[in-house]
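J.: let me see the structure of the following:
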Amino acid sequence: MPDIKDAAPNFTLPCDISADVTLSALQPAPVAVFFYPRDDTSGCTREATEFSELADEFAAAGVLVFGISKDSIASHTKFRTKKSLTVPLLSDQDHDVCERYGVWKEKNMYGKKFMGIERTTVLIDGDGRIAQRWNKVKVPGHVDAVLEAIRAQ
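T.: Residues are numbered from 1 along each chain as shown. Sure thing, here's the model as predicted:
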């Protein structure tokens, strides 16, 4: 799992509102990527909505924001429309990027074990290095914490 100061694994993923997004092509802009388990679930909806609500503040700080889950582009489009989201959503259907970022984990719900995305946010600096990482994110207050960390840099 890449950690602070490590090079962020490069990726190219399909985006729900534009052409494919390649991380390295975004440099020198800093990038915040929030990995989330699933479209249109309560915690994921709240997280994506809060990132959307603060999109102007992230933009004012010069930071690009993307959400990544293994849901399809069609699912992302439906989610965006239903919840009026403004942040771009990227589809990692084969969970390759999730694995390279160390967020594809064994989970346990009601005694049933399965593989899925552990809610994580990664802040990548303009040089393509991980500046900060939040693992096992609890949604309440998280987006504000990410914005505060950006402003503190």
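J.: my guess is residue 7 meets residue 128, correct?
T.: Yes: counting by Cβ atoms under 8 Å, residue 7 does reach residue 128; the two are 5.9 Å apart. Where C-beta positions appear, they are placed from N, C-alpha and C, glycine not excepted.
J.: who's more crowded, the two?
T.: Just comparing residue 7 and residue 128: by other Cβ atoms under 10 Å the higher neighbour count belongs to residue 128, 18 against 11.
J.: now do the more buried one against residue 100, distance only.
T.: 14 Å (Cβ to Cβ, to the nearest Å).
J.: swap in residue 118?
T.: Applying Cβ to Cβ to residue 118 and residue 100 gives a distance of 14 Å.
J.: same question for residue 107.
T.: Going from residue 107 to residue 100 by Cβ to Cβ gives 18 Å.
J.: for these two, indicate the residue with more neighbours.
T.: The neighbour comparison of residue 107 against residue 100 (other Cβ under 10 Å) goes to residue 100, with 16 against 13.
J.: may I have the phi/psi pair for the more buried one?
T.: Dihedral pair for residue 100: phi -70, psi -30, per degrees, to the nearest 10.
J.: that one against residue 11, yeah?
T.: Yes: counting by Cβ under 8 Å, residue 100 does reach residue 11; the two are 7.4 Å apart.
J.: for this protein, just list every one of the helices.
T.: Along the chain, the stretches classed as helices by DSSP state H are 42-53, 55-60, 73-83, 96-100, 142-152.
J.: possible to save those as TSV with mean pLDDT and distance to residue 34?
T.: TSV is the format used below for the helices of the chain (pLDDT from 0 to 100; distance: least, Cβ to Cβ, whole Å):
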stretch	mean pLDDT	distance to residue 34
helix 42-53	96	6
helix 55-60	96	11
helix 73-83	97	13
helix 96-100	97	12
helix 142-152	94	8
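J.: quick one: closest of those helices to residue 15.
T.: The closest of the helices of the chain to residue 15 is helix 73-83. By Cβ to Cβ, the value is 7.8 Å.
J.: thank you kindly, that will do.
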